[in-house]
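*Asks:* When you get a sec, could you give me coordinates for this:
(chains A and B)
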Protein chains: 2
Amino acid sequence: MSDVLSRVIVWRGDALELLDQRGLPQRAERHLCHHASDVAEAIKNMVVRGAPAIGIAAAYAVVLAAQKIDWNTHRVDQWKEALEPDFARLNRARPTAVNLRWALQRMQTVEAGDARGLIDNLLQEADQIRLEEVEANAAMSAYGAALIAPNSTVITHCNTGTLATTGAGTALGVIRHAHREGKLHRVYAGETRPWLQGARLTAWELQQSGIDVRLMCDSAAASVMAREKVDWVIVGADRVTANGDAVNKIGTYSLAVLAKHHGAKVMVVAPQSTLDNNTPTGRDVPIEQRPGHEVTHWLQLSDSPTQGGHAPEGIAVENPAFDVTPRALIDVFVSETGVTHYHPESK
Amino acid sequence: MSDVLSRVIVWRGDALELLDQRGLPQRAERHLCHHASDVAEAIKNMVVRGAPAIGIAAAYAVVLAAQKIDWNTHRVDQWKEALEPDFARLNRARPTAVNLRWALQRMQTVEAGDARGLIDNLLQEADQIRLEEVEANAAMSAYGAALIAPNSTVITHCNTGTLATTGAGTALGVIRHAHREGKLHRVYAGETRPWLQGARLTAWELQQSGIDVRLMCDSAAASVMAREKVDWVIVGADRVTANGDAVNKIGTYSLAVLAKHHGAKVMVVAPQSTLDNNTPTGRDVPIEQRPGHEVTHWLQLSDSPTQGGHAPEGIAVENPAFDVTPRALIDVFVSETGVTHYHPESK
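*Replies:* Model prediction:
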């Protein structure tokens, strides 16, 4: 099943093949997108997830859209106008991660003298975005692992591995690298309700990598920290604001508060494409509230729940997909350009 | 469906009828126990749960066992010896909650001159244990609610209501009482993985009581505390040790740390039967590790998982059923005898 990890995002010439991550690790189904709108839906419905992977998928979606431009009614230098509805739809697919917008903006810088050249150049740019993410993963992994002492115990959250990036991963890249250096005692993976990315994806990726991983309910992290020495909480980010706050999967902030209480350090690992210097603080980031049925129904794979839920009917649900970890609770930020110690004075 | 709450534990003369809480709120099935061993299994398998309810069920289990003593081979004054295997089996059913042992010890004080009188006296004692729990609930509810200021926002965890006590509840009793006094702005109920007692039972009980309740994933509590003023975390306890540490559902300790960080107060509500003065601290309490399939498989109602799980096969799971909240993180302890302010100096 490990060849599955090479199929996260596959360009098929006239279609984008995504690995449907909702059925993993039991079912590795392909999800074929012929139109940019298919990709937007796939992002919205979590077929593909993880901030870097979403950005890459959106880049290829632009190629799909450009292939369908009617050149009888559009000039090549008007290609961006022609794709306006597609850009808008993709931009709206998920509001919190900034890589999506970053990748789309980068695709908009592409130019060409004719239609054929445009498609070629767009595809080259999408390939380049993907390649750079993979390279960034490798650099981050090395920078982050260098901070980890031998025999360390790590808690991670959500999935930040190959499934989220197509590369080695962000936080999971650091963990893999530290494992190869023989530095890890154990990794605890929080299951990451409601989508269970930790239980389904991270536990599986770590298991494939031969890492000693223990799966736990998210609420058990505090008791693990109280009982044994946890050295690091290592997580990714969907957006890092100008002041250094990190917006990431719901539960990350909780882990950061618990880490502070127990003397564990917090490492946020994310590519430069996750930085949003236009947004001052995490409080200014729109936090996606996802449908309540994700909490009340068991792993609902379609938009409208079909099976009965386990919670009482009509119950109000608070289902934020992300939370904000303030800079004050983060020890180091690792990207492909290096390590930033947020609080060097307190070292 | 609200009559369901009157059927949590029903004595049927020659059987104990339990409400099978595993299917709630969708299915309110009766679970009939004819033998003490049936009750022990029902406790172990979470048909009945909640420390006070477990104690009550165990008390009635002793009556069932006594009804089956062969008086040809045992003298009445040897009834405890005759039931030794039953007492042992019930005691072992769940290791953390102390009410179970407390109720069994209380049943062992019963004496009688003949077999008929013994059964009558045992039944009377079981009824009395139950009545006292209900009365204790009422007293706790009033004491706890008196501490709550108008317009308060509360987070609670697991289920501590009628389903856990047969009465108004412990933490949920306080919440109901405060609601009747018009003091509550809103209650957030953590879903309480892995058994989802919060999503299935607490959300439903609060909804039935007309209380403004929002269900959330356990990992969202921190983000709620960061965004709005949460006044109280109100929880029950399965055991309170001599030094005042509270052992309760996994996730409680996490909430207590988060409450401290955000300036919310922590109220532990539990009857005197939950006090264990023989155990010095929370660290000395055996924490039940439950099967991994509770985490890797969706609400597995049988002992052995039959459907496929969502996590990778063979994954190691950390599944402690309880955690320890040290006295230092608890503001007030409420029982039927009144309120103990743990840190009056810091008020």
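
*Asks:* How is A:Val240 assigned, secondary-structure-wise?
*Replies:* Of the three states, A:Val240 takes strand under DSSP: H, G, I helix; E, B strand; the rest coil.

*Asks:* isn't it right next to A:Val269, touching?
*Replies:* No. Assessed by CB atoms under 8 Å, A:Val240 is found out of contact with A:Val269, at 10.5 Å. (C-beta placed from N, C-alpha, C; glycine too.)

*Asks:* any residues in contact with both of these two?
*Replies:* Taking CB atoms under 8 Å, 6 or more residues apart in numbering or on different chains as the criterion, A:Val240 and A:Val269 both touch A:Phe333.

*Asks:* Between the two ends of stretch A:175-190, what distance do you get?
*Replies:* Start-to-end span of stretch A:175-190 (CA to CA, to the nearest Å) is 15 Å.

*Asks:* So that stretch, near chain B or not?
*Replies:* Yes. Using CB under 8 Å from any CB of the partner chain as the criterion, contacts between stretch A:175-190 and chain B involve A:Tyr188, A:Gly190.

*Asks:* for that stretch, which positions count as buried?
*Replies:* A:Ile175, A:Arg176, A:His177, A:Ala178, A:His179, A:Lys183, A:Leu184, A:Arg186, A:Val187, A:Tyr188, A:Ala189, A:Gly190 (16 or more other CB atoms under 10 Å in any protein chain shown).

*Asks:* same thing with stretch A:284-295?
*Replies:* So, applying 16+ other CB under 10 Å, buried residues of stretch A:284-295: A:Val285, A:Ile287, A:Glu288, A:Arg290, A:Gly292, A:His293, A:Glu294, A:Val295.

*Asks:* can you list contacts of stretch A:101-117?
*Replies:* A:55-56, A:58-59, A:62, A:69, A:71, A:76-77, A:80, A:87, A:90-91, A:118, A:120-122, A:125-126, A:129, A:273.

*Asks:* Show me which of those are buried.
*Replies:* Taking 16+ other CB under 10 Å as the criterion, what is buried in the contacts of stretch A:101-117 is A:55-56, A:58-59, A:62, A:69, A:76, A:87, A:90, A:118, A:121-122, A:125-126, A:129, A:273.

*Asks:* Contact residues of the stretch 1-150 of chain A facing chain B?
*Replies:* Taking CB under 8 Å from any CB as the criterion, the stretch 1-150 of chain A approaches chain B at residues A:Pro25, A:Gln26.

*Asks:* Got phi/psi on whatever residue of the stretch 1-150 of chain A ends up closest to chain B?
*Replies:* Minimum separation of the stretch 1-150 of chain A from chain B (CB to the nearest CB) falls at A:Pro25, amounting to 4.8 Å. Per-residue torsions, A:Pro25: phi -90, psi 0 (degrees, to the nearest 10).

*Asks:* start to end distance for stretch A:66-73?
*Replies:* Using CA to CA, one end of stretch A:66-73 lies 13 Å from the other.

*Asks:* Output stretch A:105-112 as PDB - backbone C-alpha positions only.
*Replies:* Provided in PDB are the C-alpha atoms of stretch A:105-112 (Å, rounded to 0.1, in the frame of the first residue of the first chain):
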ATOM      1  CA  GLN A 105      -1.700  34.100  -7.500                       C
ATOM      2  CA  ARG A 106       1.500  32.500  -8.700                       C
ATOM      3  CA  MET A 107      -0.400  30.800 -11.600                       C
ATOM      4  CA  GLN A 108      -1.700  34.200 -12.600                       C
ATOM      5  CA  THR A 109       1.800  35.500 -13.300                       C
ATOM      6  CA  VAL A 110       2.100  33.000 -16.200                       C
ATOM      7  CA  GLU A 111       2.100  34.500 -19.700                       C
ATOM      8  CA  ALA A 112       2.400  33.200 -23.200                       C
END
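
*Asks:* And that stretch, what's buried?
*Replies:* By 16+ other CB under 10 Å, the buried positions in stretch A:105-112 come out as A:Arg106, A:Met107, A:Val110, A:Ala112.

*Asks:* Can you tell me how far the third one is from A:Asn99?
*Replies:* Yep, that's A:Val110 we're talking about. 18 Å (CB to CB, to the nearest Å).

*Asks:* which ones are touching the closest residue to chain B within the stretch 101-250 of chain A?
*Replies:* Using CB to the nearest CB, A:Ser219 is the residue of the stretch 101-250 of chain A that sits closest to chain B, at 3.1 Å. By CB under 8 Å, 6+ apart, the residues touching A:Ser219 are B:Gly190, B:Thr192, B:Arg193, B:Asp218, B:Ser219, B:Ile250, B:Gly251, B:Ser254.

*Asks:* ranges for the helices of chain A?
*Replies:* Secondary structure of chain A by DSSP state H: the helices cover A:36-44, A:51-67, A:79-82, A:84-92, A:99-107, A:115-145, A:162-165, A:171-180, A:197, A:203-208, A:221-227, A:252-262, A:293-296.

*Asks:* and those helices as a markdown table, adding mean pLDDT?
*Replies:* A markdown table is the format used below for those (pLDDT from 0 to 100):
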| stretch | mean pLDDT |
| --- | --- |
| helix A:36-44 | 97 |
| helix A:51-67 | 97 |
| helix A:79-82 | 96 |
| helix A:84-92 | 97 |
| helix A:99-107 | 96 |
| helix A:115-145 | 97 |
| helix A:162-165 | 97 |
| helix A:171-180 | 98 |
| helix A:197 | 96 |
| helix A:203-208 | 97 |
| helix A:221-227 | 98 |
| helix A:252-262 | 98 |
| helix A:293-296 | 94 |
